[in-house]
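Asks: let me see the structure of the following:
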Amino acid sequence: MKAGVEPTPHIQPLSGEPDWAGVAREMAFENASLTRFFLSWLSAYLWAAEGDKRAVADFLTAAVMGDGSIQTAVRREESGVELAGDVRLTVGRFSAKRKKKEEAGAITHIHKAALALAVLKAAGHEPERVYARARGESRWFELEWRIDAARGFLSNASLWLYAPELAGGNDEIRVKYSRALEAVGVEAHIKDFTAEGKRPRARLVVRLGGDTAEFSIRLQKGNMVELRFGTTSREEAERRAAVLRAVGVGADVKRTYHKSRNRDQWYIVVSTNVLAAESVHEEVRKAVVEFLQRCREAGALEEKTCRRLAAKIERGVPEWGDIRFSLWLKKTAPW
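Replies: The predicted model follows:
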């Protein structure tokens, strides 16, 4: 045996009476992180084998958001080489350091990467480049796709899970989320505007990647802008609410009983303050401002009021969860 090369740990044969309880205990407790890794990627393989593209996309999106990176702009490395936008996923063991040599397991970052590559090949999302990385005792691989290729697996439906609850901030998940939206593409526009009847109204169309959702948008009393959608299909209501949440609009699905139809109805209602939140994607806020301008042109909204509302929506209003602040000056102030 060559110096410095240790033998592969002995694997107990299936014959005889193996200690299955010990094996289960070791996998569940002593190597819990390893178990989670293999079970999650094996689940993704089953989804790929069954043709469940949605489940695979959800899994890969979550993997990138957790252990990956997204670059949408062209950047220059220290060497001077220009790199276009890409999506990377880190796979492998982050630290190979052990207290004792005999504690080192037979499973390494190479085995993890091999499993991930096999699953990605089965799903039709093989990376275009694979980088082997090392720093000190750490070993890992980076899988890379161009932005155009990554659009095939970045899941529009699951992005709403990472929509920021609070506006502002530059934490890693928020930055990654914003870049993911940029990668899949967000568009919003107004169509079918009319000022006939009691209140001006139109259709707001929001597109997130390959998903499109339409909503009714109206100018209500008190110059309040209201977004609304109603249906007897809960699944469709949840889908459209997910699209809204993905672009930063706080939207919930609610249920009401339609007496004349003798059935439940599911609906979404979003008011001006929610549409003006800083977390709402710029394209959506631009579309709402366009609706206000159409209302002004139709004579349903005063010029001054239109400018005030448009400025509020364009700059975005900071939010702190459900907390709201009010300030006023009283004549009886002590100073």
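
Asks: and the helices in the protein, which stretches?
Replies: 20-25, 32-49, 53-67, 109-123, 147-150, 156-159, 172-184, 234-246, 272-275, 282-297, 303-315 (DSSP state H).

Asks: of the ones you listed, which shows the lowest average pLDDT?
Replies: Comparing mean pLDDT across the helices of the chain, the weakest is helix 20-25, with a mean of 53.

Asks: neighbours of D252, how many?
Replies: 12 (other C-beta atoms under 10 Å). In this view, the C-beta of every residue, glycine as well, is placed from N, C-alpha and C.

Asks: kindly report the same for E214.
Replies: Around E214 there are 15 other residues, counting by other C-beta under 10 Å.

Asks: go on, I110?
Replies: I110 has 13 neighbours, counted by other C-beta under 10 Å.

Asks: so who does it touch?
Replies: With contact taken as C-beta atoms under 8 Å, 6 or more residues apart in numbering, I110 is in contact with G92.

Asks: any idea how far it lies from H125?
Replies: 20 Å (C-beta to C-beta, to the nearest Å).

Asks: what's the answer for A311, then?
Replies: According to C-beta to C-beta, A311 stands 44 Å off from H125.

Asks: of the two, which one has the most company?
Replies: The neighbour count for A311 versus H125, taken as other C-beta under 10 Å, is higher for H125 (19 against 10).

Asks: who's in contact with the more buried one?
Replies: H125 touches 56, 60, 145, 149, 152-153, counting by C-beta under 8 Å, 6+ apart.

Asks: how about TSV for these, with neighbour count and distance to R234 added?
Replies: As requested, those are exported to TSV (neighbours: other C-beta atoms under 10 Å; distance: C-beta to C-beta, whole Å):
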residue	neighbour count	distance to R234
V56	25	25
L60	25	27
W145	24	35
A149	15	34
G152	13	29
F153	21	27
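
Asks: now, among those residues, which is nearest to E238?
Replies: Nearest to E238, judged by C-beta to C-beta, of the contacts of H125 is V56 at 20.5 Å.

Asks: residues in contact with the closest one?
Replies: By C-beta under 8 Å, 6+ apart, the contact list for V56 reads 44, 47-48, 123, 125, 153.

Asks: tell me how many other residues surround the closest residue to H281 other than its chain neighbours.
Replies: Distances taken as C-beta to C-beta, 6 or more residues apart in numbering put V247 closest to H281, at 4.1 Å, once the chain neighbours are dropped. If you count neighbours by other C-beta under 10 Å, V247 ends up with 25.

Asks: what do you get for E314?
Replies: Around E314 there are 13 residues (other C-beta under 10 Å).

Asks: doesn't V288 make contact with it?
Replies: No. Contact criterion C-beta atoms under 8 Å: E314 and V288 do not qualify, at 9.3 Å.

Asks: give me the common contacts of the two.
Replies: With C-beta under 8 Å, 6+ apart, E314 and V288 have no common neighbours.

Asks: related to what we said a few turns ago, what's the closest of the helices of the chain to G85?
Replies: Among the helices of the chain, helix 147-150 comes nearest to G85, with 4.2 Å by C-beta to C-beta.

Asks: and the closest one, which residues are buried?
Replies: For helix 147-150, the buried set under the neighbour-count rule, 16 or more other C-beta atoms under 10 Å, comprises 147, 150.

Asks: how about stretch 37-53?
Replies: Quick answer for stretch 37-53 (16+ other C-beta under 10 Å): 37-38, 41, 44-45, 47-48, 53.

Asks: and the end-to-end length of stretch 192-202?
Replies: Its start and end residues considered, stretch 192-202 measures 5 Å (C-alpha to C-alpha, to the nearest Å).

Asks: contacting residues around that stretch?
Replies: 190-191, 203, 216-221, 291, 294-295, 298-301.

Asks: over to stretch 215-234?
Replies: Residues from elsewhere that reach stretch 215-234 (C-beta under 8 Å, 6+ apart): 190, 199-204, 206, 213-214, 237, 240, 244, 249, 253, 255, 258, 261, 263-272, 275, 288, 291-292, 295, 300-301, 305, 309.
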